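> pasting the structure only:
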Ligand SMILES: NC(=O)c1ccc[n+]([C@@H]2O[C@H](COP(=O)([O-])OP(=O)(O)OC[C@H]3O[C@@H](n4cnc5c(N)ncnc54)[C@H](O)[C@@H]3O)[C@@H](O)[C@H]2O)c1
Ligand SMILES: O=CCCC(=O)O
């Protein structure tokens, strides 16, 4: 029998938030609002401002003004403010996790994990800020000294998706502030509450007014709100995480003012099981990666390729595990898979499964949305394993973003590597093998930014995270995630 709780956020201001601009909490200039829903129940959790370009320009004015001082603020002060922000995030883990589960649906244990994960980037960049050194070049010119300085790019616009409401925005804001940039941010309209709570904690940490600004808008108003930033030369960088379609639009529209871009876009990760793999290791790696956030993770394995000699053994071990996964709302403490974000997500999953079934795939478990009292909103999908999936089905072209494992059979290493690389995406790839030569060969041949080998969990604040091809460019995490917010300035000074 599972124990259940009420999702209860003790800080009531987090449930009626406003835009955060220049250190103040403001309604939208239009005074319009939008509702935020709990994807597990369909109930309205809160209302937030439906902002437009008036609001995004106000935020930009504040960020631009604040940049003039923040860029000159000594690095120790910036680092200490980030440390204090980190401390408050950790101290408020329970409220942040409850809020995240309410608006995004992920199980509470996973939401707590995301708070720790997101906070780890804030601490990392508080530390890395202290090591952002320039260089004096070797004396080649004799009478002139050459030095290279690292400077903040300026005002950064951060635009984020709904699937990791805390971690993704934290790992943009923290390095931007560490580098000396100021920020205008727009979280997803599906999950703005956690981001606004982070802004509240940044305010309490003492981050000066105007350094961080956050505005929220409906899907309808978002293009006009963001266009004001795209067209304005004061915004020097866009850091975006979301779909490839929107990423391409931002790249095109920001070309007029030649902004720097970091684009963390969609993926279609392959997961390859070679015949030398340990089956139990491969199954558990797949479960870790695939079912994170109910399959709604950009680096989730989306296509599973299994070598023919281990195909039957792997599939039956996999099905036994998948059948035992527990779905439910975050109010049930033993739930492992929460709801999908909305009804459109359920339709997409169904369409991928239908396309595979039409091509001859067999469903070994799941294959349908869940109904009943625990699944009130209709947004829960039964964890699914499909086998004998033919090439060319929708799984091969688009990310599914749901708890579905399509399994493809393969014979030869070179064929599966070609197949793995055969999408326009290049974010993550995984494989399981115990053959060290094969590990080296395959890791080198996969056209992606992130590779998991005998593991399904790869991300950490110390690692550069990001993709190649149509999964985008730029990296988050690691030193590189800080340098992406910096410009290089070369000084050549006469010494005579
Ligand atoms: N590579 C990564 O690190 C990573 C991480 C998480 C999610 N994702 C990807 O994000 C997608 C899921 O998130 P989503 O559905 O929120 O993506 P999305 O692209 O629809 O939305 C992302 C953000 O962009 C905003 N947006 C939408 N239209 C816009 C426009 N015309 N101009 C400016 N902003 C606009 C949205 O309001 C939201 O804040 C998936 O493709 C997933 O793979 C990638
Ligand atoms: O969805 C993408 C982010 C996932 C991660 O940070 O590991």
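Received the coordinates, thanks. Note that the structure is a prediction, hence the values are computed from the model and not measured. Ligands and ions are numbered 1, 2, ... in the order given.

> contacting residues for the closest residue to ligand 2 within the stretch 151-300 of the chain?
For the stretch 151-300 of the chain, the nearest residue to ligand 2 under the criterion C-beta to the nearest ligand atom is residue 298, separated by 3.5 Å. Glycine gets a C-beta too; all of them are placed from N, C-alpha and C. Remark: with contacts taken as C-beta atoms under 8 Å, 6 or more residues apart in numbering, residue 298 is in contact with 163, 241, 264, 265, 266, 267, 399, 427, 428.

> rerun at 6 Å
Listed by C-beta atoms under 6 Å, 6 or more residues apart in numbering, the contact partners of residue 298 are residue 267.

> just checking, residue 261 touches residue 236?
No: here residue 261 lies out of contact with residue 236, judged by C-beta atoms under 6 Å, at a distance of 10.6 Å.

> which one's more surrounded, those two?
Between residue 261 and residue 236, residue 236 has the larger neighbour count (other C-beta atoms under 10 Å), namely 21 against 18.

> in the stretch 1-150 of the chain, which residue sits nearest ligand 1?
Each residue of the stretch 1-150 of the chain has a distance to ligand 1, by C-beta to the nearest ligand atom, and the smallest belongs to residue 56, at 10.5 Å.

> that residue: neighbour count?
Neighbouring residues of residue 56 were enumerated by other C-beta under 10 Å; the total is 28.

> then residue 398?
Summarising burial for residue 398: neighbours were counted as other C-beta under 10 Å, giving 17.

> just residue 185 next, same as before
Neighbours of residue 185 under the rule other C-beta under 10 Å: 26.

> does it lie in a helix or a strand, and which?
Here residue 185, judged by DSSP states H and E, is contained in strand 182-186.

> can you pull out the strands in the stretch 351-496 of the chain?
Taking DSSP state E, counting those that start in this stretch as the test, the strands found in the stretch 351-496 of the chain are 362-365, 384-387, 404-410, 425-426, 428-432, 450-453, 468-469, 472-473, 486-494.

> which residues of the chain lie near ligand 2?
Contacts of the chain with ligand 2, taken as C-beta under 6 Å from any ligand atom, map to 163, 164, 167, 297, 298, 299, 459.

> quick check: the second one vs residue 104, distance?
I take that to be residue 164. If you measure residue 164 against residue 104 using C-beta to C-beta, to the nearest Å, the figure is 8 Å.

> same check, this time on the first one
Relative to residue 104, residue 163 is positioned 7 Å away (criterion: C-beta to C-beta).

> looking at the two, which one has more neighbours?
residue 104 (30 against 24).

> surely the more buried one and residue 165 touch.
Yes: Residue 104 is in contact with residue 165 according to C-beta under 6 Å; the separation is 5.4 Å.

> identify the contacts common to those two.
Residues touching both residue 104 and residue 165 comprise residue 191, with contact defined as C-beta under 6 Å, 6+ apart.

> one step back: can I get the strands of the stretch 351-496 of the chain in a markdown table including distance to ligand 1, mean pLDDT and mean neighbour count?
Conversion of the strands of the stretch 351-496 of the chain to a markdown table gives the following (distance: least, C-beta to the nearest ligand atom, whole Å; pLDDT from 0 to 100; neighbours: other C-beta atoms under 10 Å):
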| stretch | distance to ligand 1 | mean pLDDT | mean neighbour count |
| --- | --- | --- | --- |
| strand 362-365 | 25 | 98 | 16 |
| strand 384-387 | 19 | 98 | 24 |
| strand 404-410 | 15 | 98 | 23 |
| strand 425-426 | 9 | 98 | 25 |
| strand 428-432 | 9 | 98 | 28 |
| strand 450-453 | 9 | 98 | 19 |
| strand 468-469 | 11 | 98 | 16 |
| strand 472-473 | 6 | 98 | 22 |
| strand 486-494 | 20 | 98 | 12 |
